[in-house]
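Enquirer: predicted model, plus sequence, below.
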Amino acid sequence: MGFGIIGGMDHLLPRPRLTETGAGSAEIAPGSVVSGPAPLADAVRLALPVLGLRPGDAATAAVRVAEDPGLGPEAYALTIAGDGVRITAADPAGAFYAGQTLRQLLPAEAFRSALVPGTSWTVPCGRVEDAPGFSWRGAHLDVARTFLPKREVLRMIDLMAAHKLNRLHLHLADDQGWRVESRAFPLLHEVGSHRPRTITSHRGEEPAFDDVPHGGHYTLADLTEIAAYARARAVTVVPEIDVPGHASAVLAAYPALAARPRERYEVLDRWGISPAILSPLPATVDFLTTVFAEISDALGDVPYFHIGGDECVLDDWAASAEISAYQASLGLESVGDLHAWFLRRLADALAGRGSRTVVWDEAFVSGGLRPDTIVMPWRGEHVGRRAAAAGHDVVATPVFPMYFDYAEAASPEEPAGLGDAITVADVAAFAPAPPAWLEEERARVVGVQFQLWSEHIPDGRALDYRAWPRGCAAAEIAWTGGPAAEDFLRRLDAHLARLDAFGVEYRPLSGPRPWQRGGAGWRRHRPGDVAVQDVMRHLHELSQSADSTRPSM
Ligand code: ACM
C-alpha cells in the first residue's frame with residue numbers, strides 16, 4: 001500500500017538543529033533488534049512501540065545505540081545508512097528522542113498502536129544532530145475543574161513524548177475539586193473530589209447549571225503509575241496544589257483550616273475567583289507539608305513542586321483577629337507580606353525534601369521567595385522579565401499565547417472558550433526569551449509551557465481539540481528555543497498525518513469539523529465576549545500594582 005509515507009528529512013517536528021539528507025533508505029522491519037546499553041536501547045524501543053523491537057547484540061541489530069558522554073542532556077545524534085541506524089546519546093532522554101525522530105522518519109503508521117499490513121517500514125538515509133533549546137518544555141493540565149481519568153493523562157504523556165515535551169504540570173486542586181487521595185486527610189478525596197452540578201451559562205447570562213454530578217480523583221498508586229509511565233518517556237510530573245487561595249474544595253473537607261473557620265464551604269459549581277482562603281496559621285502549614293509529603297512519596301523523584309500562590313483574596317486574613325495577631329507576632333506589616341511568608345515556609349519545607357518550588361507570578365510580586373524558586377509569569381512578559389532580572393528561573397506561561405483554553409478563532413462555530421483568539425500562528429511566533437531583554441535576563445528563561453485550564457474542556461475529545469495542533473507549535477518553540485522557522489506550517493501539515501494515525505481529534509487548520517463545533521447551546525462560543533488583548537492589558541496593570549494578590553478577573 002505504502003500510504004502515509006512522508007519521506008525525506010524535512011518533515012520533522014519539532015525541527016532538529018541539523019539534518020543532512022543522504023541517498024537511499026534503510027529498513028527497520030517489525031521485530032528488528034536494537035543493541036546497546038540497556039537504559040539507552042530500552043528508551044529507543046519504547047519510542048517505537050508499534051514495531052515491537054527486541055533487545056539483542058550489535059551483529060544482528062538494525063538499530064545500534066551507543067553512549068556518548070560528550071553530548072549534552074537530552075541531545076542525540078542519529079545516522080541512517082544502508083547498513084542500519086546508529087544512535088548516540090548521553091542519557092536515556094536523548095536516546096528516547098532519537099527514537100522519536102526515527103518514528104517521524106517512518107511512515108505515519110508508526111503512530112498507530114498495531115501494525116497495518118502493507119506498510120513499508122523504510123527511513124531515508126541521512127543524519128540528524130539535535131539538542132533542545134529549553135530544558136522546560138511543558139504542558140499544564142487542569143484536572144481540578146474537569147477531572148480527566150488516568151487514561152487521558154497517560155495518553156497526554158504519550159503525545160507529549162512524541163513532541164519532545166518533558167514537563168507535565170498537573171493542577172491537582174482548585175475551588176471546583178481536589179483530585180488526589182490522602183491517607184492522612186481522607187476527607188480531601190471523599191468530600192473534596194466531587195460536586196453535584198456545574199455551571200453552563202456564560203459571563204453576563206442568567207446562571208444555569210447542568211445538574212450532572214462531576215468528580216474523580218487519582219489514588220496515590222495512580223500517581224505512582226503516572227509518574228513512572230512519564231519518567232520512562234522522559235517526562236517529569238510537576239504536581240500543583242494551589243494555595244492559599246483556590247481553596248474551596250479543601251475547605252469543604254476541612255473548614256477548620258479556613259481563615260473563617262466557622263463558615264460552611266462547598267466544592268464550587270461555578271467558575272471565577274473565590275474569596276475562600278486557607279488560614280496561614282501553623283496548623284495549615286503542618287497540614288500542607290503532610291499532604292505534600294504524601295504526594296511526593298507517591299510520585300517518587302519530585303524535582304519540582306508547584307504551590308500556586310495566584311489570585312488570592314486576602315480579605316479574610318485582614319478581617320481575622322487571630323491572623324492579624326499572628327502577623328504582628330511575626331513582625332510583618334501587611335497581609336501581602338504574610339502571603340509571602342506563608343509561601344516561603346512551604347517552599348522551605350519542600351526544599352528540605354529536595355524539591356524546588358514553582359509559583360505563579362503573584363507570589364513573586366509578593367516578594368520573599370527562595371532564590372531557587374521557579375516563576376511562571378502568566379500575566380505577561382513584563383512581570384516575567386522582573387522575575388528573571390531578580391535572578392529567578394522563569395518558565396514562560398503568558399495567557400497570550402500560551403493559554404489554550406482560549407478559542408482559536410472569534411467565531412460562533414468554535415466550541416466555547418474562555419475568550420478569543422489564540423491561533424497556531426500566534427504560538428509559533430512566540431519568543432519565550434524576548435530578544436529585547438538583557439542577555440542575563442534571557443538566560444533565566446528555562447522554558448515555555450502551554451496551559452489547558454478546563455472550565456471549557458468537558459472531556460478528552462475537547463482536550464484533543466484544544467491541545468493540538470497548538471501544542472505542536474508550542475513543542476516547536478520549546479525545542480528550538482525561539483519562534484518557529486518559516487517552514488513550520490509545511491512541516492505541521494505533514495505532521496497532522498501522524499496525529500491522524502495516533503487517533504488525535506485535533507482542530508483542523510481550516511476550522512472545526514461539524515461535530516467539533518459548539519452547536520447552539522451552552523457549548524457555543526461567544527465570539528468577542530472576552531478579547532485576549534484586553535485580558536493581557538488588565539493583567540499587566542494588576543501585575544504592576546502592589547496589591548497584586550487581589551485581582552478581580
Ligand atoms: C492563573 O491563570 N490563575 C495562573
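Expert: Received, thanks. Just so we're clear, the structure is a prediction, and the values are computed from it rather than from any experiment. Residues are numbered from 1 along each chain as shown.
Enquirer: now do the strands in the stretch 251-400 of the chain.
Expert: Assignment of strands within the stretch 251-400 of the chain using DSSP state E, counting those that start in this stretch yields the ranges 304-308, 356-360, 374-376, 394-396.
Enquirer: what's the average pLDDT for the first one?
Expert: Per-residue pLDDT values over strand 304-308 give a mean of 99.
Enquirer: report the inter-axis angle for that strand versus strand 356-360.
Expert: 30 degrees (axes from the mean of the first three to the mean of the last three Cα atoms, to 10 degrees).
Enquirer: CA atoms only for strand 304-308 - export them in PDB, please.
Expert: Listed next in PDB are the C-alpha coordinates belonging to strand 304-308 (Å, rounded to 0.1, in the frame of the first residue of the first chain):
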ATOM      1  CA  TYR A 304       9.600  20.500  41.100                       C
ATOM      2  CA  PHE A 305       6.500  21.100  43.200                       C
ATOM      3  CA  HIS A 306       4.100  23.900  42.300                       C
ATOM      4  CA  ILE A 307       2.300  25.700  45.200                       C
ATOM      5  CA  GLY A 308       0.300  28.200  43.100                       C
END
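Enquirer: tell me the helices and strands packed up against that strand.
Expert: Contacts defined by 3 or more Cβ pairs under 8 Å, 6 or more residues apart in numbering; DSSP states H and E place strand 304-308 against strand 236-243, helix 282-299, helix 335-352, strand 356-360. C-beta coordinates here come from the backbone N, C-alpha and C atoms, glycine included.
Enquirer: still on that earlier bit, of the strands of the stretch 251-400 of the chain, which is nearest the ligand?
Expert: strand 356-360 (4.4 Å; Cβ to the nearest ligand atom).
Enquirer: once you drop chain neighbours, what's closest to Leu332?
Expert: Of all residues not flanking Leu332 in the chain, Leu338 sits nearest, at 5.2 Å (Cβ to Cβ, 6 or more residues apart in numbering).
Enquirer: please tell me how far that neighbour sits from Pro244.
Expert: Here the criterion is Cβ to Cβ, to the nearest Å. By it, Leu338 lies 10 Å from Pro244.
Enquirer: who's more crowded, those two?
Expert: Neighbour totals were compared for Leu338 and Pro244, and Pro244 leads with 30 against 22 (other Cβ atoms under 10 Å).
Enquirer: the residue nearest to that one when sequence neighbours are not counted bridge partners, please.
Expert: Take Pro244 and drop its neighbours on the chain: the residue closest to it by Cβ to Cβ, 6+ apart is Leu278, 4.1 Å away. Beta-bridge partners of Leu278, counted by DSSP bridges, are Ala258.
Enquirer: and what of Ile374?
Expert: On DSSP bridges, the residues paired with Ile374 through beta bridges are Val358.
Enquirer: in PDB, list the C-alpha atoms belonging to stretch 170-185.
Expert: What follows is stretch 170-185 as a C-alpha-only set of coordinates in PDB (Å, rounded to 0.1, in the frame of the first residue of the first chain):
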ATOM      1  CA  LEU A 170      -0.800  18.600  36.900                       C
ATOM      2  CA  HIS A 171      -3.100  21.200  38.500                       C
ATOM      3  CA  LEU A 172      -4.500  18.900  41.200                       C
ATOM      4  CA  ALA A 173      -6.500  21.200  43.400                       C
ATOM      5  CA  ASP A 174      -8.800  24.100  43.000                       C
ATOM      6  CA  ASP A 175     -12.100  25.500  44.100                       C
ATOM      7  CA  GLN A 176     -14.000  23.000  41.900                       C
ATOM      8  CA  GLY A 177     -12.300  19.800  43.000                       C
ATOM      9  CA  TRP A 178      -9.500  18.100  44.900                       C
ATOM     10  CA  ARG A 179      -8.000  15.300  42.800                       C
ATOM     11  CA  VAL A 180      -5.700  13.100  44.800                       C
ATOM     12  CA  GLU A 181      -6.100  10.600  47.500                       C
ATOM     13  CA  SER A 182      -4.900  11.500  51.000                       C
ATOM     14  CA  ARG A 183      -4.500   8.800  53.700                       C
ATOM     15  CA  ALA A 184      -3.700  11.400  56.300                       C
ATOM     16  CA  PHE A 185      -6.700  13.500  55.500                       C
END
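Enquirer: for it, buried residues please.
Expert: Judged by neighbour count using 16 or more other Cβ atoms under 10 Å, the buried positions of stretch 170-185 are 170-182, 185.
Enquirer: any chance of the helices and strands packed on strand 304-308 in a markdown table, with mean pLDDT too?
Expert: Listed next are the helices and strands packed on strand 304-308 as a markdown table, based on pLDDT from 0 to 100:
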| stretch | mean pLDDT |
| --- | --- |
| strand 236-243 | 99 |
| helix 282-299 | 98 |
| helix 335-352 | 98 |
| strand 356-360 | 98 |
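Enquirer: the ligand is nearest to which of those?
Expert: Nearest to the ligand, of all the helices and strands packed on strand 304-308, is strand 356-360, at 4.4 Å by Cβ to the nearest ligand atom.
Enquirer: do that closest one and the ligand meet?
Expert: Yes. Residues of strand 356-360 are located near the ligand by Cβ under 6 Å from any ligand atom, namely Trp360.
Enquirer: okay, the angle between that strand and strand 236-243?
Expert: Taking the same axes, to 10 degrees, one finds strand 356-360 and strand 236-243 inclined to each other by 60 degrees.
Enquirer: what residues does strand 356-360 touch?
Expert: Contacts with strand 356-360, where a contact means Cβ atoms under 8 Å, 6 or more residues apart in numbering, come from 169, 238, 240, 303-310, 343, 346-347, 350-351, 369-370, 372-376, 378, 395.
Enquirer: pull out the buried residues from the residues you listed.
Expert: So, of the contacts of strand 356-360, 169, 238, 240, 304-310, 343, 346-347, 350, 369, 373-376, 378, 395 end up buried under the neighbour-count rule (16+ other Cβ under 10 Å).
Enquirer: near the ligand too, which of the residues you listed?
Expert: Of the residues in the buried ones among the contacts of strand 356-360, proximity to the ligand by Cβ under 6 Å from any ligand atom holds for Asp310, Trp378.
Enquirer: quick one: contacts for Val532?
Expert: Taking Cβ under 8 Å, 6+ apart as the contact definition, Val532 lies against Val399, Phe400, Tyr403, Tyr406, Gly419, Asp420, Ala421, Ile422.
Enquirer: how about the secondary structure of Leu115?
Expert: When the structure is split into helix, strand and coil by DSSP: H, G, I helix; E, B strand; the rest coil, Leu115 lands in coil.
Enquirer: now it, nearest residue through space, not along the chain?
Expert: By the measure of Cβ to Cβ, 6+ apart, the closest residue to Leu115 outside its immediate chain neighbours is Pro30, 5.7 Å from it.
Enquirer: quick check: the gap between the residue of the chain most remote from its centre and Leu102.
Expert: Distance from the C-alpha centroid of the chain peaks at Ala59, with 41.2 Å (Cα atoms, centre = their mean). As judged by Cβ to Cβ, Ala59 and Leu102 stand 20 Å apart.
Enquirer: swap in Gly192?
Expert: Gly192 sits 44 Å away from Leu102, taking Cβ to Cβ as the criterion.
Enquirer: kindly report the same for Ala478.
Expert: Counting by Cβ to Cβ, the gap between Ala478 and Leu102 amounts to 20 Å.
Enquirer: ok, Gly22 next?
Expert: Gly22 sits 15 Å away from Leu102, going by Cβ to Cβ.
Enquirer: same thing with Gly177?
Expert: Computed as Cβ to Cβ, the Gly177 to Leu102 distance reads 40 Å.
Enquirer: and Gly216, by the same measure?
Expert: Using Cβ to Cβ, one gets 37 Å for the distance from Gly216 to Leu102.
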